[in-house]
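J.: What follows is a protein structure lacking sequence information:
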Ligand SMILES: [Zn+2]
């Protein structure tokens, strides 16, 4: 499952990516993390990125795309990924499209997390970051995470929470303006490609996660390998068109969202190992049990 989460600052992309990563066993690919890691390791891309950041410049798109490309080549990304923090504008979305096409890993879905403007401002101003490990907490949305018992993996002491300068209320408005101007156009871009799902991202974190999973599993994706593999059939083969036969059955349930049948195309393009990929692709009902069975 290859996914982009779209949402304004404070919409909960980071939190939901983490949860999705655990539920679907696919890595969260955060461009911020990639940049920090590359800088820390001192790779060539990392050195270039550091130069730009030290000079107060934006890191060039090609550089970020290079990091994404490297990351997606790692084995754990074969079953899919969640892109977090990229793309942020049309040019990046188009470049990403081209990159994923050459990698034969096109996106399956783009989920837009919708949150009311006032709520965004409140959430961002409640955000605290650990100065040591970089983990983000929120005073308002996840107060239980702030327990003193939670120790920082870096220092072994409680997390050292600070408010990042750009999480101040004064700068929030500006960040939201930039989002509206630069990133919001991506909603139409992905809608036109039949990839967009929109969910209401207000309310309890668990509830939002549930909506997110529903949106993803209503993608017209076949149920599990078991529904397709007959006796002796190890699994469906993309060439045999198993996915294609399966799609209309799901379509009846999930209404019009399936009309483009992107899943079938994607599956044909990605010639991974069907047996290993199967658990993550299970339908809504069987997913949890399939996951447990795998362990
Ligand atoms: Zn920490």
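T.: Perfect, I can see it now. If you're wondering where the values come from, they're calculated on a predicted model, not measured in any experiment.
J.: Show me the shaky parts of the stretch 51-200 of the chain.
T.: Counting by pLDDT under 70, the stretch 51-200 of the chain has low-confidence residues at 143-144, 146-148.
J.: What pLDDT is listed against residue 31?
T.: We note a pLDDT of 87 for residue 31 in this prediction.
J.: pretty sure it is touching residue 82, no?
T.: No: counting by CB atoms under 8 Å, residue 31 stays clear of residue 82, with 11.8 Å between them. Just so you know, the C-beta spots here come from the backbone N, C-alpha and C atoms, and that holds for glycine as well.
J.: ok, these two, which is more surrounded?
T.: Shown here are residue 31 and residue 82; by other CB atoms under 10 Å, residue 82 has more neighbours (23 against 20).
J.: part of a strand, is the more buried one?
T.: Yes: applying DSSP: H, G, I helix; E, B strand; the rest coil, one finds residue 82 inside a strand.
J.: Close to the ion: what parts of the stretch 101-250 of the chain are there?
T.: Residues of the stretch 101-250 of the chain lying near the ion by CB under 5 Å from the ion: 130, 132, 133, 152, 159.
J.: same thing but at 8 Å, please
T.: 130, 131, 132, 133, 134, 135, 152, 153, 154, 155, 159, 160 (CB under 8 Å from the ion).
J.: Need those residues in JSON lines (columns: distance to residue 26, neighbour count and secondary structure).
T.: Formatted as JSON lines, these follow (distance: CB to CB, whole Å; neighbours: other CB atoms under 10 Å; DSSP: H, G, I helix; E, B strand; the rest coil):
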{"residue": "130", "distance to residue 26": "25", "neighbour count": "19", "secondary structure": "strand"}
{"residue": "131", "distance to residue 26": "29", "neighbour count": "14", "secondary structure": "coil"}
{"residue": "132", "distance to residue 26": "27", "neighbour count": "17", "secondary structure": "coil"}
{"residue": "133", "distance to residue 26": "23", "neighbour count": "13", "secondary structure": "coil"}
{"residue": "134", "distance to residue 26": "21", "neighbour count": "13", "secondary structure": "coil"}
{"residue": "135", "distance to residue 26": "20", "neighbour count": "16", "secondary structure": "coil"}
{"residue": "152", "distance to residue 26": "26", "neighbour count": "17", "secondary structure": "coil"}
{"residue": "153", "distance to residue 26": "22", "neighbour count": "11", "secondary structure": "coil"}
{"residue": "154", "distance to residue 26": "25", "neighbour count": "14", "secondary structure": "coil"}
{"residue": "155", "distance to residue 26": "30", "neighbour count": "13", "secondary structure": "coil"}
{"residue": "159", "distance to residue 26": "26", "neighbour count": "24", "secondary structure": "coil"}
{"residue": "160", "distance to residue 26": "31", "neighbour count": "14", "secondary structure": "coil"}
